[in-house]
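Peer 1: Provide a 3D model corresponding to the input given below.
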Amino acid sequence: MFTCCLGCCGDGGTGNIPLKEMPTVQLDTHHMGTDVVIVKSGRRICGTGCCLANAPLHQNKSYFELKIQSTGIWGIGVATQKVNLNQVPMGRDINSLVLRHDGSVYHNNEEKNRLPANSLPQEGDIVGITYDHVEMNLYLNGKNMHCPASGIRGTVFPVVYVDDSAILDCQFSDFYHSAPQGFEKILFEQQIF
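Peer 2: Purely as a prediction, here's the structure:
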């Protein structure tokens, strides 16, 4: 004689164990500057300051995007959790590597690269970022800008900052443009046990 001790038999249950829904990658209201405003389910940033996403870039090849809803002072890139989230622009220290609104890419207060003058992001444009734990690359409206930059070390997160009336919408999935070959949306690290 066998007896079910799981509580899923004999009560009309399906026998299936519900899985927890995977969290959504979004801007993290626990890791943002004091004058930052996050709306639209953790996708839109406005106000003044910086905000990290809620998931680190653990996988080998990550991709994410932003849409410039309103111009001003802004930036996008990667940063460690040690970055000063109230300091705009970013890229002034070893804790961030970012594309700034003027097309320059900064890390540790050094210009690492620059977008071509005729390719500066404008209102309505989509900026894509790839990161492979060595190099960050930039895409503008789906086109590779061949503007690599590197130098940041440690565990990094997607980061955005705004000032001077800039409004940015971040896309961590359901991209406007396909991720470049070999790159994919940010995945949460999964624990089996």
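Peer 1: Thr48 and Met32 touch, don't they?
Peer 2: No: applying CB atoms under 8 Å as the test, Thr48 and Met32 come out as separate, 10.8 Å apart. Quick note: C-beta positions are derived from backbone N, CA and C, even for glycine.
Peer 1: between those two, which is the more surrounded one?
Peer 2: Each of Thr48 and Met32 has its neighbours counted (other CB atoms under 10 Å); Met32 has more, 22 against 19.
Peer 1: not counting sequence-adjacent ones, nearest residue to that one?
Peer 2: Residue nearest to Met32 in three dimensions, not counting chain neighbours: Cys51, with 3.9 Å by CB to CB, 6 or more residues apart in numbering.
Peer 1: report the beta-bridge partner residues of that neighbour.
Peer 2: Beta-bridge pairing for Cys51 (DSSP bridges): Met32, Val160.
Peer 1: any idea how far it is from Leu85?
Peer 2: Using CB to CB, to the nearest Å, we find Cys51 at a distance of 7 Å from Leu85.
Peer 1: and for Gly151, the neighbour number?
Peer 2: Gly151: 14 surrounding residues under other CB under 10 Å.
Peer 1: got the contact list for it?
Peer 2: Residues in contact with Gly151 (CB atoms under 8 Å, 6 or more residues apart in numbering) are Ile94, Leu97, His107, Asn108, Lys112.
Peer 1: quick check: it vs Phe157, distance?
Peer 2: Distance, Gly151 to Phe157, by CB to CB: 16 Å.
Peer 1: and stretch 81-100, how far out from the chain's middle?
Peer 2: The chain centroid and the centroid of stretch 81-100 are separated by 14 Å under CA atoms, centre = their mean, to the nearest Å.
Peer 1: thank you kindly, that will do.
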